[in-house]
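Enquirer: The following comprises the amino acid sequence and a computationally predicted model.
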Amino acid sequence: MALGDIDRRAVGLAALLAGAITFVHVSTSTGTITAATTNTLVMAVGIAAVPAGVVVGVLSGSYDRHLIEGGFAAAGGTAMGILGWSVVRAILLDAVPIAHRLDVVFLVVALEGPVFAVVAPFLFLVGGYTAARVAEWTEQSIDNQLTVGLFR
């Protein structure tokens, strides 16, 4: 992998993990649709961003992009989990016309967009910082911690 390339495999797996955690959290939440998604977005900073950062830090083969990779995985995975849940929720509504089912998705996007805009920087920072720290802890020294540097 060249210097500056993003490891798509690590970011994809981490985003999938963050999305799955977010999906499970929002689907098991009690309360209204907007309350469940707002609570999940706030909680995702701790419950989805940290595991996504750990996955990126452990699996990434890139040398200098851990912060960006972990941040994108955490923020993107959380957004995918919330949107995926709203689509599943809309599909599972009984005896409701298709237009009203789409309203569920639009409601989640419209009402939770500002909340996500506030939470996304924290998701990005927590996921990215976690990935950078984990990658630093798992790097192997080729010269027994002398001056040449760290390599994987």
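Expert: Everything's here; your move. Small disclaimer: the values here were computed from a predicted structure and weren't measured.
Enquirer: And what about Asp94, helix, strand or coil?
Expert: For Asp94, the assignment made with DSSP: H, G, I helix; E, B strand; the rest coil gives coil.
Enquirer: can you give me phi and psi for it?
Expert: Note on Asp94: its backbone torsions stand at phi -90, psi 140 [degrees, to the nearest 10].
Enquirer: Next, find the distance separating Ala18 from Val11.
Expert: To Val11, Ala18 is 10 Å away according to C-beta to C-beta, to the nearest Å. Using the backbone N, CA and C atoms, a C-beta is placed for each residue, glycine as well.
Enquirer: The two: who's more crowded?
Expert: Per other C-beta atoms under 10 Å, whichever of Ala18 and Val11 has more neighbours is Ala18, with 32 against 27.
Enquirer: what sits against the more buried one?
Expert: Ala18 sits next to 44, 48-49, 51-52, 73-74, 76-78, 80-81, 127 when contact means C-beta atoms under 8 Å, 6 or more residues apart in numbering.
Enquirer: can you tell me how far it sits from Leu92?
Expert: From Ala18 to Leu92 the distance is 23 Å (C-beta to C-beta).
Enquirer: Then Met80?
Expert: Counting by C-beta to C-beta - Met80 and Leu92 are separated by 18 Å.
Enquirer: These two - which one has more neighbours?
Expert: Met80 (17 against 10).
Enquirer: name the element that one belongs to?
Expert: Applying DSSP states H and E as the criterion places Met80 in helix 66-91.
Enquirer: just checking, next helix/strand downstream of that helix?
Expert: Immediately after helix 66-91, counting by DSSP H and E, sits helix 98-138.
Enquirer: which other helices and strands contact that following helix?
Expert: Other elements packing on helix 98-138 under the criterion 3 or more C-beta pairs under 8 Å, 6 or more residues apart in numbering; DSSP states H and E are helix 8-28, helix 33-47, helix 49-59, helix 66-91.
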